[in-house]
Structures are given as structure tokens and as C-alpha cells.
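Chemist: Here is my input; please provide its structure:
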Amino acid sequence: MTTTDSITSAADVADAPSNGLEASRPEHITFTTTFRSYPAEGDTHGDLGLYRDGVVALYRDMLLQRRFEERAAQMYGKQKIGGFLHLYNGQEAISTGSAQALNMGLDTVITAYRDHGLALAVGMEPGECMAELFGRIDGCSQGKGGSMHFFSREKGMYGGHGIVGAHIPLATGIAFAHKYKRDGGICVCYLGDGAVWQGAFHEALNLAGLYKLPVIYVIENNQYAMGTSVERAAADVDLYKQSVSYAMPGSLVNGMDVFSVMRAMRDHADMARRNQPSVVEIRTYRYRGHSMSDPGKYRTREELEKNKDQDPILRLKAYLLREDLANESELAVVDRSVKREVLEAVDFAARSPQPPLEAIYDHVYTEEGFPFLQ
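Modeler: Have a look, this model is predicted:
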């Protein structure tokens, strides 16, 4: 059972544009739209068909992402990782909860540059992910992509992309391929609140709505596009309303509660499998700066501490303890196991060789030998 709410939006439009038939033009046009809302604590694990081991697995998955990111930040400080590094701290309930709605091996996901958490959630190995950050040959993109370009065809992970909004048309194309092949798969496209204002977002959604593609556009609204708050960037901060122009359902989800995300993504995955595209705004909060070079001076310490009280990992831990699904000792064992796994990933990455220089054009050109470069 779910206790989701609904949000209703209505508007009157005076002096509607004429279609050339003045006599039939109404004086006002009124429309009403309902959006579904998934608040925190709307579902229990029983409502979602989860047992103890399943809930503990969710906790471990989110904790693995957090510990991976913490160690990545440390390795960046030691100059083991170069280039850009965008961390996912605080948003783990989105990747973990939505992965539960996917048919692994059939469905596909694609995201922007904050991609480590999603990669781990869909089953990519911490070792191959850390090796990619180190720029090593055993990385998931053979050391050539780095932080922003995690990829795994096997897991249906079609990237990490570094250009804001550029992956959204790719998601639409992947969804078109699913429908064209009639393979039963869906595509989930993750984007940040800042990407909503890219033209590619609107063009892609229009095509998805027009062709009824099996795709979910997930807006991870972490409140800031780089250093600009959503209130200063959006004329209407309710980003789920973007669905209206493209004939799609839209929903608002509390992204600090993994159960709420699971429920929402299951519902929207069902829609996508019926060739109904949709928009899901998941409101969350990132605890680190936009990237490692961002000191985060655009927000106050009080704001940061207030949002840390809503930490999705701490929320699930409290739930496990309250429902007597695990005790402190058992969860401490999980934490030690996760830390060990991440340390092993760092060791794996450090021991992996650098990509050979002669591989520089591999996976770039289809023609072997590259005679046009001579």
C-alpha cells in the first residue's frame, strides 16, 4: 500500500490565440492536471514486498556508494585522480531505489557527469570504477573516460556524459531503439535541475511524447546547478510540471527516502513498458560541492547541517533499527565490509597498468590502421 499524494494544477488563459475562426474562439481556456506525489515515509518495506535481507541490501548499496565517493575524494587529494570529480554524496537513494525498478540486462540507463553512484547501483564493480578514475587500463572505459564517462554495455549503463543536457537526446534514441526492436526494455535518463533549461531537453521530450517512447526522464533536483540555486534559475521551481507540454505524466518524489523512490520508479517503469514516457522530479541534496574545486560558498553551514539531518543512509539505518530488522553490531559489520571492498578497489586501481600509447585511437575510429592519420 502507498500513501502517495496528488498535486493538482489549474490555469485560466484569457484571450487565447485565434485559429482564424473568431466566432468559435472561447473567451477562456481552462485545464487541470494532476501530478502524483511520493512523500517520505509513504511506504514500509512490507508494502514494497521487501524482507529483512532486501532492506539490508539497500542499506549496503547506498553505503557502498558513500564510502566509494569518500575514498575517491581522498585519492583526488593525493593526486591519484586527475581531471574533474563530481561526487554523489546525499543522492544515493535515487540510484539505489530506481535500480530496483529495472530489469537488469534488458533495461538501459544514461546519466550526466555525476555518475559513480548509478554505476555502482546497476552492478558495476567498484574496482573497475576506481580504476577508471585512476585512468588505468582495467577501468570500465579502459582508463580513457575518467570520472564523467563510466560505461558498461553488459549492465546497460550508457554513460556518464560531460556536456550538460547532451545525453538527453541519446536517451530518447535508446528508448526509440527499445521500441523499434520490441525487446521490452525501457530507458531511464537521469539529469540535473540545471539541464532542464537546455534546449536539448525540450526537443528530446517532445519527440518522446510524440512517438510514445519507453523512457523515464528523472530530474535529480539537488537544489543547485553548479552554484546557482534552483530558485534563482527557474521561473517555476516545480520542475515536474515540465511534463505537461509533452503530454506526459509527471511526479514529485522525496529523494531522501529510498522507499519513496522505489515506489515512484516502479510506477513509472510500468508506464514506460506500456510506451508511456514520463517525467519524475526527485528532490534531493548534495552534501559536497559541485565538483572537487567548488568550495560551496553559495550556501550556509546552517543549510548544509539542516539537510544532513535528512541523510538517506541515516534515515534507512534508523528504519532498520526501529523495525528491528538489524542491530548496531550487524550494521557495523556491513560498514566494515563496505570499507574493505572500497580499499580493495583502490588497491586494484593502483596496481592496474596505464593504457598503452598505441591504444590512443582504439574505440575512436572504425577503420583499423588509421591510414588517414599518416
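Chemist: Sketch out the low-pLDDT regions of this structure for me.
Modeler: 1-4, 10-24, 369-374 (pLDDT under 70).
Chemist: Okay, strands next: where are they in it?
Modeler: Taking DSSP state E as the criterion, the chain carries its strands at 5-14, 28-38, 108-110, 187-192, 215-221, 224-225, 228-229, 250-254, 278-283.
Chemist: Just the C-alphas of the second one, formatted as PDB.
Modeler: If I follow you right, that is strand 28-38. Extracted in PDB, the C-alpha atoms of strand 28-38 (Å, rounded to 0.1, in the frame of the first residue of the first chain):
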ATOM      1  CA  HIS A  28     -11.200  31.500 -21.600                       C
ATOM      2  CA  ILE A  29      -9.400  28.200 -21.800                       C
ATOM      3  CA  THR A  30      -9.100  26.100 -18.600                       C
ATOM      4  CA  PHE A  31      -7.100  23.000 -18.000                       C
ATOM      5  CA  THR A  32      -6.500  20.900 -14.900                       C
ATOM      6  CA  THR A  33      -3.600  18.500 -14.400                       C
ATOM      7  CA  THR A  34      -2.900  16.100 -11.600                       C
ATOM      8  CA  PHE A  35       0.600  15.100 -10.600                       C
ATOM      9  CA  ARG A  36       1.400  12.300  -8.300                       C
ATOM     10  CA  SER A  37       3.500  13.000  -5.200                       C
ATOM     11  CA  TYR A  38       5.600  10.400  -3.300                       C
END
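Chemist: what's it packed up against?
Modeler: strand 5-14, strand 250-254, helix 258-273 (3 or more Cβ pairs under 8 Å, 6 or more residues apart in numbering; DSSP states H and E). (Each C-beta comes from the backbone N, C-alpha and C, glycine too.)
Chemist: Which residue ranges of the stretch 51-200 of the chain form helices?
Modeler: 52-77, 92-99, 116-121, 126-133, 167-181, 199-211 (DSSP state H, counting those that start in this stretch).
Chemist: Ranking the helices and strands packed on strand 28-38 by mean neighbour count, which comes first?
Modeler: Burial of these is given as mean neighbour count (mean count of other Cβ atoms under 10 Å); strand 250-254 ranks first at a mean of 26.
Chemist: what angle sits between that strand and helix 92-99?
Modeler: Angle, strand 250-254 to helix 92-99, by axes from the mean of the first three to the mean of the last three Cα atoms, to 10 degrees: 130 degrees.
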